[in-house]
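Peer 1: The following block contains a protein sequence and its predicted model.
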Protein chains: 2
Amino acid sequence: MAEPIDFYFDFTSPYGYIAAHRIEDVAGRHGRAVRWHPFLVGAVFKLTGTRAAIEDPLKGGYARRDFVRSAKLAGLPFNMPSTFPFNPVAASRAFYWADAIDQEGAKRLALKIYDKVFVTDTGPVTPEAVADTAAEAGFDREACLSALGSDEIKAKLRAAGDAAVARGVFGSPFFLVDGEPFFGADRLPQVDRWLETGGW
Amino acid sequence: MAEPIDFYFDFTSPYGYIAAHRIEDVAGRHGRAVRWHPFLVGAVFKLTGTRAAIEDPLKGGYARRDFVRSAKLAGLPFNMPSTFPFNPVAASRAFYWADAIDQEGAKRLALKIYDKVFVTDTGPVTPEAVADTAAEAGFDREACLSALGSDEIKAKLRAAGDAAVARGVFGSPFFLVDGEPFFGADRLPQVDRWLETGGW
């Protein structure tokens, strides 16, 4: 079987939210699995001297319009969170904790987190709120809560970020398909075409 | 009749090349005309502290792959120019000179310039080469050549750049549809949807 697609995303990324709801369908049409890798895009931006579009005085207003339009075009609900950006560390750590137990469950957890952030504006930022969300996704709340502060999980998230940078990931969402890099939810049609034609 | 769509582009922009070949079809499906506005995106980048993706050490390699893939997905040939970026001033001035004579002819000229840049790698950079291309598009070669150095045409291009910035244009290609801003050739599906639904 062909290698899984690697999907890199940050929980504060509106386009990551869109991609998370679409990538499994795109990959599945071509018999591919997907490995999900949340990471802290803010740390990458620091390394690269980039800033998020929404924090750019010139592009911030545009970005807010584009989030809404991009979600609508993808057929997804979208509401700008009242607190934005927010700290995605607890959510990201929870993912890696859950992923070691149940990979499909961790994806369900990631989607629940994204929906709380970008649909219902109940984004789980604190460890307690993240642990509640893990419980809703079928995981053990207390085990999650204690894992969020563990050195092992902290190290896992750091390592995931380092690995992403080492593979050339510079934004969210980002896909690696047999080594070919694709940046942005708007590149999913290219991913689809690439998978269909085996490169071009 | 509804207002024309404003289409802003830079002749060094690969995504501008893609958009130039697509925007009239998208607009035409909805009974809209298009006003074309070449401008110097480099001047805008200086104002905004942005740099072209291809000049970014981290993203340059990615951008080159994305140009090719984006053109293929749009069904267009694409070859990276051997000299890139190049000075788009003469081409941009020629457009405004031609536009005052024949708007549809000026669009043909713009497409010829883009095809020479991004298909046959014979990009017309010098005033002489630009005037040759204007002649191929049905304009008077000598009149074009002498206009390229005129104060009137220089002022027109500067004014076009100032007007673009004043309307919030920050990159190429950029579309304004009834005041709604769209940035990127990859936003043409959104432009299409916007025109179909009258906003959403």
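Peer 2: Perfect, I can see it now. Residues are numbered from 1 along each chain as shown, chains lettered A, B, ... in the order given.
Peer 1: got the phi/psi numbers for the residue lying closest to A:Val177 once chain neighbours are set aside?
Peer 2: Take A:Val177 and drop its neighbours on the chain: the residue closest to it by CB to CB, 6 or more residues apart in numbering or on different chains is A:Ile5, 5.2 Å away. C-betas here are computed from N, CA, C, even on glycine. Main-chain dihedrals, A:Ile5, degrees, to the nearest 10: phi -80, psi 140.
Peer 1: burial of A:Ile5, as a residue count?
Peer 2: A total of 23 residues lie near A:Ile5 under the criterion other CB atoms under 10 Å in any protein chain shown.
Peer 1: What residue, apart from its backbone neighbours, is nearest whatever residue of chain A ends up closest to chain B spatially?
Peer 2: Nearest to chain B, among the residues of chain A, is A:Asp186, at 4.7 Å (CB to the nearest CB). Among residues not flanking A:Asp186 along the chain, B:Asp186 sits closest, at 4.7 Å (CB to CB, 6+ apart).
Peer 1: Pretty sure the one you found sits in a strand.
Peer 2: No - going by DSSP: H, G, I helix; E, B strand; the rest coil, the assignment for B:Asp186 is helix, not a strand.
Peer 1: That one reaches B:Phe67, doesn't it?
Peer 2: No - using CB atoms under 8 Å, B:Asp186 is not in contact with B:Phe67, being 11.9 Å away.
Peer 1: who touches both of those two?
Peer 2: Contact criterion CB atoms under 8 Å, 6 or more residues apart in numbering or on different chains; residues shared by B:Asp186 and B:Phe67: B:Tyr15.
Peer 1: just for chain A, where's the confidence low?
Peer 2: Along chain A, segments meeting pLDDT under 70 span A:1.
Peer 1: For A:Leu188, give me its contacts.
Peer 2: A:Ala19, A:Arg22, A:Ile23, A:Val26, A:Phe182.
Peer 1: and the helix or strand where A:Phe182 lies with chain B, contact?
Peer 2: A:Phe182 is part of strand A:180-183 when elements are defined by DSSP states H and E. Yes - counting by CB under 8 Å from any CB of the partner chain, chain B is contacted by strand A:180-183 at A:Glu180, A:Pro181, A:Phe183.
Peer 1: Mind listing what's buried along that strand?
Peer 2: Buried residues in strand A:180-183, counted by 16 or more other CB atoms under 10 Å in any protein chain shown: A:Pro181, A:Phe182, A:Phe183.
Peer 1: Quick one: name the residues of chain A near chain B.
Peer 2: Checking chain A against chain B by CB under 8 Å from any CB, the hits are A:48, A:58-59, A:61-62, A:65-66, A:69-70, A:72-73, A:168, A:170, A:180-181, A:183-184, A:186-187, A:189-190, A:193-194, A:200.
Peer 1: Okay, and which of the residues you listed map to strands?
Peer 2: A:Glu180, A:Pro181, A:Phe183 (DSSP state E).
Peer 1: Switch those residues over to CSV; also include distance to A:Ser82.
Peer 2: As requested, those are exported to CSV (distance: CB to CB, whole Å):
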residue, distance to A:Ser82
A:Glu180, 37
A:Pro181, 33
A:Phe183, 28
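Peer 1: Nearest to A:Thr83 among these?
Peer 2: Taking CB to CB as the measure, A:Thr83 lies nearest A:Phe183 of these, at 26.0 Å.
Peer 1: Show me what that closest one bridges to in the sheet.
Peer 2: A:Phe174 (DSSP bridges).
Peer 1: In contact with it, which residues?
Peer 2: So A:Phe183 contacts A:Phe170, A:Gly171, A:Pro173, A:Phe174, A:Phe175, B:Tyr62, B:Asp66 (CB under 8 Å, 6+ apart).
Peer 1: Likewise for A:Trp194?
Peer 2: A:Trp194 makes contact with A:Val177, A:Glu180, A:Phe182, A:Trp200, B:Arg69, according to CB under 8 Å, 6+ apart.
Peer 1: Give me the distance between the first one and A:Gly168.
Peer 2: Same thing as A:Val177. 13 Å (CB to CB, to the nearest Å).
Peer 1: Looking at those two, which has the bigger crowd around it?
Peer 2: More crowded of A:Val177 and A:Gly168, by other CB under 10 Å: A:Val177, with 22 against 15.
Peer 1: one step back: will you turn the contacts of A:Phe183 into TSV that also has neighbour count?
Peer 2: TSV is the format used below for the contacts of A:Phe183 (neighbours: other CB atoms under 10 Å in any protein chain shown):
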residue	neighbour count
A:Phe170	20
A:Gly171	23
A:Pro173	27
A:Phe174	28
A:Phe175	26
B:Tyr62	19
B:Asp66	22
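Peer 1: Now these in a markdown table, please, with extra columns for distance to A:Gly149.
Peer 2: Formatted as a markdown table, the contacts of A:Phe183 follow (distance: CB to CB, whole Å):
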| residue | distance to A:Gly149 |
| --- | --- |
| A:Phe170 | 29 |
| A:Gly171 | 29 |
| A:Pro173 | 28 |
| A:Phe174 | 28 |
| A:Phe175 | 31 |
| B:Tyr62 | 36 |
| B:Asp66 | 40 |
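Peer 1: for those residues, which one is nearest B:Leu111?
Peer 2: Distances from B:Leu111 to these, taken by CB to CB, are shortest for B:Asp66, at 21.7 Å.
Peer 1: State the helix or strand in which A:Trp36 lies.
Peer 2: Going by DSSP H and E, A:Trp36 is in strand A:34-38.
Peer 1: which helices and strands does that strand pack with?
Peer 2: In terms of contacts (3 or more CB pairs under 8 Å, 6 or more residues apart in numbering or on different chains; DSSP states H and E), strand A:34-38 is packed against strand A:5-9, helix A:23-29, helix A:89-101, helix A:103-118, helix A:151-166.
Peer 1: C-terminal to the shortest one, what's the next element?
Peer 2: Under the assignment DSSP H and E, the closest C-terminal helix or strand after strand A:5-9 is helix A:14-20.
Peer 1: Centre of the chain to that next one, how far?
Peer 2: Averaged C-alpha coordinates place helix A:14-20 at 7 Å from its chain's average position (CA atoms, centre = their mean, to the nearest Å).
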